[in-house]
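Enquirer: all I have is the shape, not the residue letters:
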């Protein structure tokens, strides 16, 4: 079993004008096998939620808790370092993946897999796994010799994120606007990757998006509308359809 | 005058960064440390080299010489007659004056071998003052790799010339892998033949104070020089690299890329990149770049690119210099994949140097260089975990 439990989470960032609260009490529970979509207007704090769970140093948690129940028991996510969170089973697919010059994709993936598993992957199966992940995401085999994210197109960056998701195989995946900037073909390829991950059955997915488009390919079990640092409304997939038809105005006004 | 000679400009250009060349020691006032060319160098730590005492101490020579290449001893006058670039700084002038002759390494015309010409110079003690004078003459259309390794300890001051014949392809690696107390003042001067191509790499890991000067001139149009450098300064080390590309002929190219890392209290690196584009040097291309990665507190990286342009007719000229600490976003990205902080830092540094090491073009030393970088990291950065 794997459950990510976020309770009354408050998060601030330091700005030139002092500390600014961005998340104002987020409650969210993602159980295994569930896919949750978080939708909301720009600036509502969606990405802050993703990066806070992953432990980005820019964000300061001022209240609340985040716990991850996994096969090894309950972990206090907020007490762990960035890499400990990843090794505990959290994965963040980033909206803007970072370039690491001179480090090949192959070297990076092997190093990450070794860190997550606590031992180096067996060479033969690992090469096979990497090749098949690349093939399914329709990536050129030469890709593995390129430097991490350096000179990648927008679509290549996102496919590379999903390739890591599949190879590192976490308990809970947080996808931060993985759909933004993708053409329809790339969106389908990336969605198929997420769906293969979901199909393992015991995984949790938190899908953060501005648009409903990706929800045609990845069906959420729950939809949360995020406004001004907290969940303003939640429901089933039908909530996404309403947003598609009438936008965020109703929720933004309600919170104002 | 021949057409080639017409295309080379040899008159003096007054530049405070690159004083006029001279063999006469009287032309070099004793440095006070305030001069532009000496202001970054801690003179006290030169351990009196610039006093210019006579010494007949030598370094141990261990050579691996491919068939066809010959070594011999010549006089300083003969070295001058071969057309080495005259000294343009006190250490090189002292080295030529005090060494009592030069070692000539002769690579014949059309030479072509995969086997590197390797010379390993080993010092016995920092108490030894060693004057060095080497001349590498590379024949026309030769294709050769030269690896010069400095190890052990000494106070070593040397002038090393590479006279590269027309159309030759030369890769040169100078590795400064000294013990912690060594002092090394070196000038590598390169004369690039018409349509010849030279890649010179200077790598400094060891030594208390290392000050290397790489100087390029062209014998005619069409010559290309790529100057690469890598340095890794630990606590208390002073590693200085000075470059001077003198575009004295048309349609020549120079490309300079130096990368350095610093760690530990008092680690100091200096990079001075000087490029002169003379009036005659139309249609040239030059680009110089220096990047420094500061790994800990207490380090200082000085980086000064200078470009003097005397003709408007150039293909391209530019420079870049950047000195930075670890990029937090890079570390976050790697750590968010489960990679520990120390391992993430190791990967970033590995990547930083990897690009450059791949460009050295000498496969037999690539692995060794990467291993040395890892060992340097283990000395400090990874020790904390």
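Expert: Now that the structure is in, tell me what you want to look at. As the structure is a computational prediction, the values presented were derived from the model and not from experiment.
Enquirer: buried ones in the helix or strand hosting residue B:123?
Expert: Using DSSP states H and E, residue B:123 sits in strand B:117-138. Judged by neighbour count (16 or more other CB atoms under 10 Å in any protein chain shown), strand B:117-138 contains these buried residues: B:117-121, B:123, B:126, B:128-138. In short, each C-beta sits where N, CA and C put it, glycine included.
Enquirer: what's it packed up against?
Expert: With contacts defined as 3 or more CB pairs under 8 Å, 6 or more residues apart in numbering or on different chains; DSSP states H and E, strand B:117-138 has these neighbours: strand B:60-64, helix B:76-81, helix B:90-98, strand B:102-107, strand B:143-164.
Enquirer: and of these, who's closest to chain A?
Expert: The closest of those to chain A is strand B:143-164. By CB to the nearest CB, the value is 22.9 Å.
Enquirer: following that closest one, which helix or strand comes up?
Expert: strand B:169-176.
Enquirer: contacts for that next one, please.
Expert: Defining contact as CB atoms under 8 Å, 6 or more residues apart in numbering or on different chains, one finds that strand B:169-176 is touched by B:136, B:138, B:142-150, B:160, B:162, B:164, B:184, B:186, B:188, B:190, B:196-207, B:210, B:212, B:360-362, B:365.
Enquirer: now do stretch A:235-250
Expert: By CB under 8 Å, 6+ apart, the surrounding residues in contact with stretch A:235-250 are A:37, A:39-41, A:212, A:215, A:219-223, A:225, A:227, A:233.
Enquirer: and that stretch, how far from the chain's centre?
Expert: 21 Å (CA atoms, centre = their mean, to the nearest Å).
Enquirer: check which residues of that stretch are buried.
Expert: A:239-240, A:243, A:248.
Enquirer: and stretch A:31-50, by the same measure?
Expert: A:31-32, A:34-41, A:44-50.
Enquirer: give me the subset of the residues you listed lying in helices.
Expert: A:46-50 (DSSP state H).
Enquirer: turn these into TSV, including pLDDT.
Expert: Shown next, in TSV, are those (pLDDT from 0 to 100):
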residue	pLDDT
A:46	94
A:47	94
A:48	96
A:49	97
A:50	97
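Enquirer: ok, those residues vs chain B, which is closest?
Expert: Distance to chain B across those (CB to the nearest CB) is lowest for residue A:50, with 10.5 Å.
Enquirer: please name the residues that touch the one residue in the stretch 101-250 of chain A that gets nearest to chain B.
Expert: Relative to chain B, the nearest point of the stretch 101-250 of chain A is residue A:102 (2.9 Å; CB to the nearest CB). Shown in contact with residue A:102 (CB under 8 Å, 6+ apart): A:147, B:350-355.
Enquirer: give me the subset of the residues you listed that lies in helices.
Expert: Among the contacts of residue A:102, the ones falling in helices (DSSP H) are B:350-355.
Enquirer: tell me the two of these that are most distant?
Expert: Farthest pair in the ones in helices among the contacts of residue A:102 (CB to CB) is B:350 and B:355. Separation: 10.3 Å.
Enquirer: the helices and strands packed on strand B:117-138 into a markdown table, with extra columns for distance to residue A:26, mean pLDDT and mean neighbour count?
Expert: Below are those laid out as a markdown table (distance: least, CB to CB, whole Å; pLDDT from 0 to 100; neighbours: other CB atoms under 10 Å in any protein chain shown):
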| stretch | distance to residue A:26 | mean pLDDT | mean neighbour count |
| --- | --- | --- | --- |
| strand B:60-64 | 67 | 97 | 12 |
| helix B:76-81 | 76 | 97 | 16 |
| helix B:90-98 | 65 | 97 | 24 |
| strand B:102-107 | 71 | 98 | 22 |
| strand B:143-164 | 60 | 98 | 24 |
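Enquirer: picking up where we left off before, in PyMOL, select just the buried ones from the ones in helices among the contacts of residue A:102.
Expert: Buried subset of those, written as a PyMOL selection, criterion 16+ other CB under 10 Å:
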select buried, chain B and resi 350+351+352+353+354+355
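Enquirer: any chance of the ones in helices among the contacts of residue A:102 in TSV with pLDDT as columns?
Expert: What follows is the ones in helices among the contacts of residue A:102, written out as TSV (pLDDT from 0 to 100):
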residue	pLDDT
B:350	90
B:351	93
B:352	93
B:353	93
B:354	90
B:355	85
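Enquirer: report all helices and strands that the strand or helix carrying residue B:357 contacts.
Expert: Counting by DSSP H and E, the element that carries residue B:357 is helix B:341-359. For helix B:341-359, the packing partners by 3+ CB pairs under 8 Å, 6+ apart come out as strand A:100-104, helix A:105-117, strand B:224-233, strand B:253-262, strand B:285-294, helix B:328-335, helix B:363-379.
Enquirer: so which of the ones you listed gets nearest residue A:14?
Expert: helix B:328-335 (13.9 Å).
Enquirer: what does chain B put close to chain A?
Expert: Within chain B, the residues that sit near chain A (CB under 8 Å from any CB of the partner chain) are B:327-330, B:332-341, B:343-344, B:347-348, B:350-355.
Enquirer: pull out the buried residues from those.
Expert: The neighbour count (16+ other CB under 10 Å) marks B:329-330, B:332-341, B:343-344, B:347-348, B:350-355 as buried among the residues of chain B next to chain A.
Enquirer: so who does residue 156 touch?
Expert: Using chain A here. Counting by CB under 8 Å, 6+ apart, residue A:156 makes contact with A:139, A:143.
Enquirer: let me rephrase: I mean chain B.
Expert: B:59, B:121, B:123, B:130, B:132, B:150, B:182-186.
Enquirer: now do 10 Å
Expert: B:49, B:57, B:59, B:95, B:121, B:123, B:126, B:128-132, B:150, B:176, B:178, B:182-186, B:207, B:210 (CB atoms under 10 Å, 6 or more residues apart in numbering or on different chains).
Enquirer: so where is the chain shaky, pLDDT-wise?
Expert: Looking at chain A here, since you left the chain open. For chain A, applying pLDDT under 70 flags the ranges A:1, A:255-256.
Enquirer: my question was about chain B
Expert: B:1-6, B:10-17, B:380-385.
Enquirer: what's near enough to touch the residue of it found nearest chain A?
Expert: For chain B and chain A, the shortest gap (CB to the nearest CB) falls at residue B:351, measuring 2.9 Å. Residue B:351 is in contact with A:99-104, A:107-108, A:147-148, A:150, B:330, counting by CB under 10 Å, 6+ apart.
Enquirer: spatially nearest residue to it (excluding sequence neighbours)?
Expert: residue A:102 (2.9 Å; CB to CB, 6 or more residues apart in numbering or on different chains).
Enquirer: distance of that neighbour relative to residue B:355?
Expert: To residue B:355, residue A:102 is 4 Å away according to CB to CB, to the nearest Å.
Enquirer: and residue A:228, by the same measure?
Expert: For residue A:228, the distance to residue B:355 equals 45 Å [CB to CB].
Enquirer: now swap in residue A:210 and tell me
Expert: Separation of residue A:210 from residue B:355 (CB to CB) stands at 36 Å.
Enquirer: how about residue B:19?
Expert: In terms of CB to CB, residue B:19 sits 34 Å off from residue B:355.
Enquirer: what bridges to residue A:172?
Expert: Residues in a beta bridge with residue A:172, per DSSP bridges, are residue A:90, residue A:204.
Enquirer: next, count neighbours for it.
Expert: Using other CB atoms under 10 Å in any protein chain shown, residue A:172 is surrounded by 24 other residues.
Enquirer: just to check, it is in contact with residue A:53?
Expert: Yes. Distance between residue A:172 and residue A:53: 8.8 Å, which falls inside the contact criterion (CB atoms under 10 Å).
Enquirer: spit out the residues that contact these two alike.
Expert: The contact sets of residue A:172 and residue A:53 overlap at A:4, A:68, A:77, A:90, A:92, A:206 (CB under 10 Å, 6+ apart).
Enquirer: who's in contact with stretch A:122-134?
Expert: A:105-106, A:109-110, A:113-114, A:120-121, A:139-144, A:159-160, A:162-167, A:169, A:193, A:196.
Enquirer: just give the nearest non-adjacent residue to residue A:60, would you?
Expert: Closest to residue A:60 by CB to CB, 6+ apart is residue A:12, at 5.0 Å.
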